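1. Return a 3D structure for these sequence lines:
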Amino acid sequence: MKFEKELKIIRKGVTELITEAELIKKLEKAESSGKPLRIKYGIDPTGYDVHIGHLVPIRKMRDFQDLGHLGIIIIGDFTATIGDPTGKDESRPTLTPEQVKINAEKYMDQLYTVLDPDKTEVRWQTEWFGPMTMKDVIGLMSKFTLAQFMAHETFRKRYEEGLPLGMNELMYPVLQAYDSYAIEADVELGATEQKFNILSGRDMQRYFGMEEQIAILTPILMGTDGKEKMSKSLNNYIAVFDTPGDKFGKTMSIPDDMIVNYYKYATQLSLDEIENISKQLQESHVNPMVIKKRLAYEIVRIYHGEKEAEQAQSEFEQVFSKKELPEDMPVYKLQENSISIMDVLVKNGVCTSNGEVKRLIKQNAVSVDGNKINDIFLEIDGEVIIKVGKRRFLKIEK
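-> Purely as a prediction, here's the structure:
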C-alpha cells in the first residue's frame with residue numbers, strides 16, 4: 001500500500017482516525033503539490049502546568065512534522081474567555097486576556113520540548129474572531145441545530161440533570177470548528193473527548209465549501225495511580241516542569257499493568273519495540289521493574305537528555321534500590337529556635353504551598369526521620385531528615 005510507512009507512524013497511539021481513505025488522498029495531494037499538510041491542535045491556556053498526558057496529541061503532531069508536514073497550534077485566547085464544557089459536568093471559570101497571554105507563552109515553552117519550532121505555526125483566535133460582527137456570529141450559529149448539540153453527551157447530561165448550561169458554552173464547538181476553516185486545517189488532533197468538536201470542524205469546512213479535515217483522536221493517558229485520568233488536582237501527574245528525578249520516580253510508581261500504555265503514549269519507541277516489550281512482560285522470568293526503569297529513562301531522556309536520564313536512574317537506584325539517602329539532598333540551616341513543617345518545606349521549594357503540605361501530610365506522605373507524621377502544625381527544632389512522598393528530601397541542620 002502506498003504511504004504504508006507513513007500510515008504506520010500516524011496510526012501509532014491513535015484511538016480513531018476519520019477517515020483513513022481521506023487521509024491517503026490528502027497525503028497524495030501533498031506529495032504531488034509539494035505543499036505540506038496543515039496539522040491543527042488547539043489549546044485553551046487556562047493554566048500553564050503541562051503534564052505528559054497533555055502531550056499525547058502533541059507527540060502525534062511531531063510525527064507529522066517528522067514526515068514533512070506543518071503543525072498549527074491555535075491559541076484559544078477567545079474561547080478561553082468562554083470555557084470549554086467538554087467532558088465536564090460544570091462550567092469552567094473564565095480568564096482575562098492578560099492571564100491568557102502569560103499562560104500561552106509558558107504553555108508553548110513546554111510544547112516545544114516535543115515540537116519542532118521550525119515546523120510550527122502559532123495562531124491566535126482573535127485574528128479572525130476579533131473583527132467579527134454580531135451578524136457574522138449569528139450566521140455561524142445558524143449552520144448548526146439544537147438537536148446536534150443535544151447529541152453531545154456532556155450537554156445532554158447537564159440538561160437532563162438540570163445543571164447550568166450557558167449559551168456561551170453551546171457556542172464553544174462552533175468557535176473551535178471555525179478555527180479549522182480559518183486556518184484551512186487538513187488534520188485536527190485531539191483527545192477522544194474532543195470528538196464532537198473536531199467533527200464539528202469537518203461540518204464547518206463543508207458548509208464553506210472547503211475539503212473536510214481528518215479527525216485523529218488520541219487516548220487519554222491515565223495518571224500514575226492507574227485509576228484516574230492524569231490530573232494535577234488528583235496529584236497523579238508527571239509534569240513537563242518536573243525535575244528529571246521527579247519524572248523518573250513518578251514513572252516508577254505506576255502500576256505494572258500501565259507499563260505498555262505509557263510506552264505507547266509517552267515515549268518515542270516504535271510499535272515493533274513496544275510489541276517486543278509487551279512480550280517480555282508476559283515472560284515469567286522478566287522482572288517488570290527492569291522494563292519500568294527503561295520506561296522512566298526514556299521519558300526523562302525526551303525532556304532532559306541522556307545525561308540527566310542516566311543521573312536520574314542512578315539516583316533512583318541509590319535511594320530506592322539500595323535504600324540510601326541521596327547525596328545531593330538539599331540542606332536547611334536552622335537559624336530560629338523552631339520552624340513549622342509547612343514553612344520549612346515551602347521555603348525550600350520542596351512543596352509549592354501550605355495547601356500541598358497539608359494535603360500530603362493527610363495522605364501520610366510526609367515523614368520525619370523515617371516516621372510518618374499527621375500533625376500539620378508540627379514544629380521542627382533540631383537536626384532531622386524530612387522525606388516528602390517517595391522522591392523529595394530535606395535535611396535540617398543547626
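2. Look up how far residue 35 lies from the most centrally placed residue in the chain.
-> When C-alpha atoms, centre = their mean is applied to the chain, the residue found nearest the centroid is residue 54 (1.4 Å). Counting by C-beta to C-beta, to the nearest Å, the gap between residue 54 and residue 35 amounts to 29 Å. C-betas here are computed from N, CA, C, even on glycine.
3. what do you get for residue 134?
-> Counting by C-beta to C-beta, the gap between residue 134 and residue 35 amounts to 36 Å.
4. and what of residue 172?
-> Residue 172 sits 31 Å away from residue 35, taking C-beta to C-beta as the criterion.
5. quick one, which of those two is more surrounded?
-> When residue 172 and residue 35 are compared for neighbours, residue 172 comes out ahead with 22 against 12, by other C-beta atoms under 10 Å.
6. hang on, that one packs against residue 196?
-> No - counting by C-beta atoms under 8 Å, residue 172 stays clear of residue 196, with 10.1 Å between them.
7. can you give me the helices in the stretch 151-300 of the chain?
-> In order along the chain, the stretch 151-300 of the chain carries the following helices (DSSP state H, counting those that start in this stretch): 153-160, 167-183, 195-207, 244-252, 259-266, 271-281, 288-304.
8. how about the ones you listed, which one is nearest residue 3?
-> With C-beta to C-beta as the criterion, residue 3 lies closest to helix 271-281 of the helices of the stretch 151-300 of the chain, at 16.0 Å.
9. Give the buried residues for that closest one.
-> Within helix 271-281, the residues scored as buried using 16 or more other C-beta atoms under 10 Å are 274, 277, 281.
10. Show me what it is packed up against.
-> helix 259-266, helix 288-304 (3 or more C-beta pairs under 8 Å, 6 or more residues apart in numbering; DSSP states H and E).
11. Rounded mean pLDDT for the shortest one, please.
-> Averaging pLDDT along helix 259-266 gives 90.
12. Identify all contacting residues around it.
-> Residues outside helix 259-266 that contact it (C-beta atoms under 8 Å, 6 or more residues apart in numbering) are 12-13, 52, 55-56, 59, 218-219, 221-222, 251, 254, 269, 274, 277-278, 281, 288, 291-292, 295, 298-299.
13. And for residue 151, the neighbour number?
-> Other residues lying near residue 151 total 11 when counted by other C-beta under 10 Å.
14. I misspoke; the intended subject was residue 192.
-> Around residue 192 there are 13 other residues, counting by other C-beta under 10 Å.
15. Mind telling me what element residue 101 is part of?
-> Residue 101 belongs to helix 97-111 when assigned by DSSP states H and E.
16. Report the buried residues of that helix.
-> Applying a neighbour-count criterion of 16+ other C-beta under 10 Å, the buried positions in helix 97-111 are 99, 100, 103, 104, 107, 108, 110, 111.
17. Distance of the first one relative to residue 43?
-> When you say that, I think you mean residue 99. In terms of C-beta to C-beta, residue 99 sits 14 Å off from residue 43.
18. got it, and the fifth one?
-> In this structure, residue 107 and residue 43 are separated by 6 Å, where distance is defined by C-beta to C-beta.
19. And stretch 219-237, what's buried?
-> Neighbour-count burial for stretch 219-237, with 16+ other C-beta under 10 Å as criterion, is recorded at 219, 221, 222, 223, 224, 230, 236, 237.
20. any idea of the mean pLDDT in it?
-> For stretch 219-237, the per-residue pLDDT values average out at 85.
21. can you check stretch 113-132 too?
-> If you average the per-residue pLDDT over stretch 113-132, you get 93.
22. Kindly export that stretch (C-alpha atoms) in CSV.
-> Presented in CSV, the C-alpha positions along stretch 113-132 are these (Å, rounded to 0.1, in the frame of the first residue of the first chain):
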residue,chain,number,x,y,z
THR,A,113,10.0,20.2,24.3
VAL,A,114,8.3,17.9,21.7
LEU,A,115,7.5,20.1,18.7
ASP,A,116,10.0,21.3,16.0
PRO,A,117,9.8,25.1,16.2
ASP,A,118,10.8,25.4,12.6
LYS,A,119,7.8,23.4,11.5
THR,A,120,5.3,25.0,14.0
GLU,A,121,3.0,27.9,13.2
VAL,A,122,1.3,29.6,16.2
ARG,A,123,-2.1,31.4,15.6
TRP,A,124,-4.3,33.3,17.9
GLN,A,125,-8.1,33.1,17.6
THR,A,126,-8.6,36.8,17.9
GLU,A,127,-7.0,37.1,14.4
TRP,A,128,-10.4,36.0,12.9
PHE,A,129,-12.8,36.4,15.8
GLY,A,130,-11.7,39.9,16.7
PRO,A,131,-13.1,41.6,13.6
MET,A,132,-16.4,39.6,13.6
